[in-house]
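Q: give me a model of this one.
(one chain, ligands or ions: 2)
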Amino acid sequence: GGDFNQNIDYVFKVVLIGDSAVGKSQLLARFSRNQFSLDSKATIGVEFQTKTLVIDNKTVKAQIWDTAGQERYRAVTSAYYRGAVGAMLVYDMTKRQSFDNMARWLEELRGHADKNIVVMLIGNKCDLGSLRAVPTEDAQEFAQRENLFFMETSALESTNVETAFLTILTEIYRIIS
Ligand code: GDP
Ligand code: MG
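A: Ligands and ions are numbered 1, 2, ... in the order given. Okay, here's the model as predicted:
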């Protein structure tokens with residue numbers, strides 16, 4: 001049966017940011033419910049999803065926040081960032097502009113979030129390899145310079161989605177515990 005009375009040792013708030021249509025909501029759907037939808041409108045209005053997992057024998061509840069259509073410049077409010085211990089900066093590897101905008105999103109994040117926040121750069125839609133517009137090396141270089149974790153994912157094919165979330169959550173745990 002379901003373990004509803006599980007003791008939670010930690011709650012980690014992680015925020016998803018990045019341009020519209022890069023796949024933030026689908027990454028969250030894949031991680032939290034193992035679902036994917038080709039219809040992006042299907043997820044509008046979702047504030048956050050939780051998933052409970054065990055790290056180092058501790059029960060960690062990941063509370064992953066989704067922008068739910070507020071991606072316009074400066075439309076994401078400070079309440080969204082408040083209390084976040086992790087952030088995933090998501091771009092679409094087939095859309096160069098979404099990668100070029102990462103610097104701006106990072107600046108916005110650093111202006112709002114705690115200075116110890118763990119940040120991961122995510123190049124999503126790696127299933128669309130033939131349409132790639134962002135070389136892996138460009139993203140690696142940016143991540144290295146800005147001290148970010150980096151991973152390429154596909155919410156559609158489930159590639160690296162679990163690994164990306166586990167990596168950021170484990171790093172947060174390492175810092176906080
Ligand atoms: P958001 O605006 O960043 O939340 O983006 P969505 O999650 O709504 O995704 C936007 C569109 O991209 C939708 O049509 C999704 O089905 C599609 N999409 C999301 N992730 C992937 C992926 O990994 N691969 C492909 N091929 N399409 C994706
Ligand atoms: Mg969305």
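Q: switch to C-alpha atoms for all contacts and neighbour counts from now on
A: OK.
Q: so the residue nearest to the spatial centre of the chain is in which element?
A: Closest to where the C-alpha atoms of the chain average out (CA atoms, centre = their mean) is Met88, at 3.2 Å. Using DSSP states H and E, the element containing Met88 is strand 86-92.
Q: longest single helix anywhere in the chain?
A: With secondary structure taken from DSSP state H, the chain has its longest helix at helix 161-176.
Q: quick one: strands adjacent to the strand holding Met88?
A: Sheet partners assigned to strand 86-92 using DSSP bridges are listed as strand 10-17 (parallel), strand 118-124 (parallel).
Q: now do it, average pLDDT.
A: Averaged over strand 86-92, pLDDT sits at 98.
Q: ok, then the element right after that strand?
A: helix 96-100.
Q: same for that next one, what does it pack against?
A: Judged by 3 or more CA pairs under 8 Å, 6 or more residues apart in numbering; DSSP states H and E, the packing partners of helix 96-100 are strand 86-92.
Q: and the strand it packs on, what's buried?
A: Gly86, Ala87, Met88, Leu89, Val90, Tyr91, Asp92 (16 or more other CA atoms under 10 Å).
Q: so Arg72: helix, strand or coil?
A: The assignment at Arg72 comes out as coil when based on DSSP: H, G, I helix; E, B strand; the rest coil.
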